[in-house]
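**Q** here are the coordinates; sequence isn't available:
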């Protein structure tokens, strides 16, 4: 079950509310990524405290470990990972795609060797739906063929992208049929493909819209393309999706990308950037990014971002974070992950506030100028 | 400033209360180790929630990184590491001792090469006191010469142990003099040495007691000796220390060691075991220890220890912890460290309750039989 209420718009930007089986989600929203049933380096309570509304799980990874028998015994992913709020799971398509030469795609599905133990595995739309039913995620993604930016060393041609997009469409129908057969009580999202070709994206949108799914994602971005290519698709596709359904741009991106995505009509985002960058000492702040390993932070008694209300900024200095990082202490990625995730979650909270008050455009200009200012 | 109140005794076991500049500490107490200004893998708030009353810092490590200029700017270690409660710092003697062949001991102090950058460094009682004054730790340890269990491949002889113990005594006086000169407002503890020789331990106790320091530690244990040797010293030395002063057994040990230590008259303990073992998936419970990597936990929906009130046991299953560990997720050592530290802190809380009610002996028997029972 899912409903989506469009509360307000400003230009193409949308303020909405998703109702899911484990709670409501105010949009636009950023969804922290919890691949293996844990958002890396943070306790679920920290996610709740920063206001995370919905997190991701990766079907492929969870299928490998802990495996379906364990997840079934727990009645799904929520109880297993102690996260009572909504969860979205991807379909496994992107992860299988990431295996590169180790996989073999046919009409039926994808054959590949397990990266964990080498077992020969087969993933199909039906199996993906079966796994996601066991996970009991609030939002289930269709199994898709993620069109790469490059194929065999050349930029994927229109003919190649069309074949891939059409396969994804047939897999969307099979996903929908299996999802229905399983009487999954959650919400199935379709995924728009079509590579970097607008005409293919339009054909994909049209055919998926005809399936009348409860939500749609734009896939096949953040797959190695140059940034302007991603931006071209982001400007093109979201606004062509059904207006009364949520729109999710998969795997994007920087804080700037998220704000631009909202301006293009996107409602939902996920990205590993806040947690991955945190582990590398790359921290986001209102006034630009900061490398905490840099020697200039060694004696700095200030918070990372004095305008930030996260647990890290409320209690610890740049000097302390610098020290932890230099000593290789586990607390360094822990505190950095809390901060970066809070930055993303809070960015969307501020953005929603601006939309509520009809001042998204001025907020967006302020955001851009603050971020460009650079940090003291 | 420090005062110690002896509230109750049962046999040699003591229930007491330390008053320090940053708060009171109920004894017997376990002190989590925060070498580099962080108890590895846990947020200060987690330590507060589990009821940790006082934590350790390592003078030697903090002198190397972040360095005294930074710590001075923060007014000491408390604000730097965001821990408002009491802190005890060691003197650096044990760490210098750990450098083994890389150090050279003289009457004046210890010359050694920095393990961080190779710089030639010199540590003396005076310098140790100066560093600990900057750290502003509530309990300052004298600079001592830690007598090893073995010297040049043979068990340290009585003559060798005597020389070392006598050097520690002279360094105790120099520590006291410098501590006084610096007008350090905190409490200086002396350290009993003497190796595995009771007569030397007694001479050390007598000479240190004459200095009338506010507390005393038993050092030179957990230095590679067989367990029965440690137990022999633990049974011998604590009860010979002044009754109205707190007694601290350095670097010990297992849960069983702590309970035996209390029975021998010890008030304070520190050990890296709870955090180090947590990072290796070795978990302590009321009914014995548990290796979370073991396949038998794969589908176990129960908490690690159903009698435990820690954040980990309140929210997560053995199956989930097993999964995190197998996936190498950072949350595994985070949750395990919370649990193991809580186990140690709570063990002492229960033990204090038993002492308060005059039932330490029966509690101790129950503890031993519970632990020996083994975990389901």
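**A** In hand now; what should we look at? Since this is a predicted model, take the numbers as computed values, not measurements.
**Q** name whatever forms a beta bridge with the closest residue to residue A:272 other than its chain neighbours.
**A** In space, and not counting its chain neighbours, residue A:272 is closest to residue A:33: 4.9 Å by C-beta to C-beta, 6 or more residues apart in numbering or on different chains. Quick note: C-beta positions are derived from backbone N, CA and C, even for glycine. For residue A:33, the beta-bridge partners under DSSP bridges are residue A:56.
**Q** so residue A:362 versus residue A:369, what's the distance?
**A** Distance of residue A:362 to residue A:369, given as C-beta to C-beta, to the nearest Å: 11 Å.
**Q** same thing with residue A:87?
**A** In this view, residue A:87 and residue A:369 are 36 Å apart by C-beta to C-beta.
**Q** so between these two, which is more surrounded?
**A** When neighbours are counted by other C-beta atoms under 10 Å in any protein chain shown, residue A:87 and residue A:369 differ, and residue A:87 comes out ahead with 27 against 10.
**Q** what are the buried residues along the worst-scoring helix or strand of chain A on mean pLDDT?
**A** Using mean pLDDT, DSSP states H and E, helix A:93-98 stands out as the lowest-scoring helix or strand of chain A, at a mean of 84. Within helix A:93-98, the residues that qualify as buried are A:93, A:94, A:95, A:96, A:97, counting by 16 or more other C-beta atoms under 10 Å in any protein chain shown.
**Q** correct me if wrong: the first one contacts residue A:125.
**A** No: with the criterion set as C-beta atoms under 8 Å, residue A:93 and residue A:125 do not qualify as a contacting pair; they are 9.1 Å apart.
**Q** can you work out which residues contact both of the two?
**A** With contacts taken as C-beta atoms under 8 Å, 6 or more residues apart in numbering or on different chains, residue A:93 and residue A:125 have residue A:143 as neighbours in common.
**Q** on that earlier part again, quick one: contacts for the residue nearest to residue A:272?
**A** Going by C-beta under 8 Å, 6+ apart, residue A:33 touches A:39, A:55, A:56, A:58, A:270, A:271, A:272, A:275.
**Q** what does residue A:374 give?
**A** By C-beta under 8 Å, 6+ apart, the neighbours of residue A:374 are A:287, A:288.
**Q** quickly note the distance from the residue nearest to residue A:272 to residue A:131.
**A** For residue A:33, the distance to residue A:131 - C-beta to C-beta - is 18 Å.
**Q** now do residue A:367
**A** Using C-beta to C-beta, we find residue A:367 at a distance of 38 Å from residue A:131.
**Q** between these two, who's got more neighbours?
**A** Between residue A:367 and residue A:131, counting by other C-beta under 10 Å, residue A:131 is the more crowded of the two (22 against 19).
**Q** what does the stretch 51-200 of chain A have sitting close to chain B?
**A** Residues of the stretch 51-200 of chain A lying close to chain B by C-beta under 8 Å from any C-beta of the partner chain are A:65, A:66, A:69, A:70, A:73, A:74, A:80, A:81, A:82.
**Q** can you lay out these as JSON lines showing neighbour count and pLDDT?
**A** Formatted as JSON lines, those follow (neighbours: other C-beta atoms under 10 Å in any protein chain shown; pLDDT from 0 to 100):
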{"residue": "A:65", "neighbour count": "17", "pLDDT": "96"}
{"residue": "A:66", "neighbour count": "24", "pLDDT": "98"}
{"residue": "A:69", "neighbour count": "10", "pLDDT": "98"}
{"residue": "A:70", "neighbour count": "21", "pLDDT": "98"}
{"residue": "A:73", "neighbour count": "16", "pLDDT": "98"}
{"residue": "A:74", "neighbour count": "21", "pLDDT": "98"}
{"residue": "A:80", "neighbour count": "24", "pLDDT": "98"}
{"residue": "A:81", "neighbour count": "27", "pLDDT": "98"}
{"residue": "A:82", "neighbour count": "17", "pLDDT": "98"}
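**Q** which stretches in the stretch 201-350 of chain A count as helices?
**A** Ranges of helices in the stretch 201-350 of chain A, per DSSP state H, counting those that start in this stretch, are A:227-236, A:255-263, A:273-279, A:311-315, A:318-326, A:331-356.
**Q** could those helices go into CSV alongside distance to chain B, mean pLDDT and mean neighbour count?
**A** Formatted as CSV, those follow (distance: least, C-beta to the nearest C-beta, whole Å; pLDDT from 0 to 100; neighbours: other C-beta atoms under 10 Å in any protein chain shown):
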stretch, distance to chain B, mean pLDDT, mean neighbour count
helix A:227-236, 29, 97, 17
helix A:255-263, 23, 98, 22
helix A:273-279, 8, 98, 21
helix A:311-315, 4, 98, 19
helix A:318-326, 4, 98, 24
helix A:331-356, 5, 98, 23
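**Q** tell me, what residue is most central in chain A?
**A** When C-alpha atoms, centre = their mean is applied to chain A, the residue found nearest the centroid is residue A:270 (1.8 Å).
**Q** how close does the nearest residue to that residue once chain neighbours are set aside get to chain B?
**A** With C-beta to C-beta, 6+ apart as the criterion, residue A:270 has its nearest non-adjacent residue at 4.3 Å, and that residue is residue A:31. According to C-beta to the nearest C-beta, to the nearest Å, residue A:31 and chain B sit 18 Å apart.
**Q** so residue A:31 touches residue A:274, yeah?
**A** No: the pair residue A:31 / residue A:274 is not scored as a contact, 10.9 Å apart, by C-beta under 8 Å.
**Q** let me know the outermost residue of chain A.
**A** Outermost residue of chain A (C-alpha atoms, centre = their mean): residue A:299, 35.9 Å.
**Q** pretty sure it sits against residue B:72.
**A** No: if you go by C-beta under 8 Å, residue A:299 and residue B:72 don't touch, sitting 9.7 Å apart.
**Q** which SS class is residue A:17?
**A** Secondary structure assignment for residue A:17 (DSSP: H, G, I helix; E, B strand; the rest coil): strand.
**Q** what about it, neighbour count?
**A** Residue A:17 has 17 nearby residues by other C-beta under 10 Å.
**Q** let me see the contact set for it.
**A** Counting by C-beta under 8 Å, 6+ apart, residue A:17 makes contact with A:4, A:5, A:7, A:24, A:25, A:26, A:27.
**Q** again, only using 10 Å
**A** Residue A:17 sits next to A:3-7, A:24-27, A:29, A:246, A:267, A:352 when contact means C-beta atoms under 10 Å, 6 or more residues apart in numbering or on different chains.
**Q** filter those to the buried ones?
**A** A:4, A:25, A:26, A:27, A:29, A:246, A:267, A:352.
**Q** span of stretch A:205-215 from start to end?
**A** 12 Å (C-alpha to C-alpha, to the nearest Å).
**Q** buried ones in it?
**A** Residues of stretch A:205-215 classed as buried: A:205, A:207, A:208, A:209, A:213, A:214, A:215 (neighbour count, 16+ other C-beta under 10 Å).
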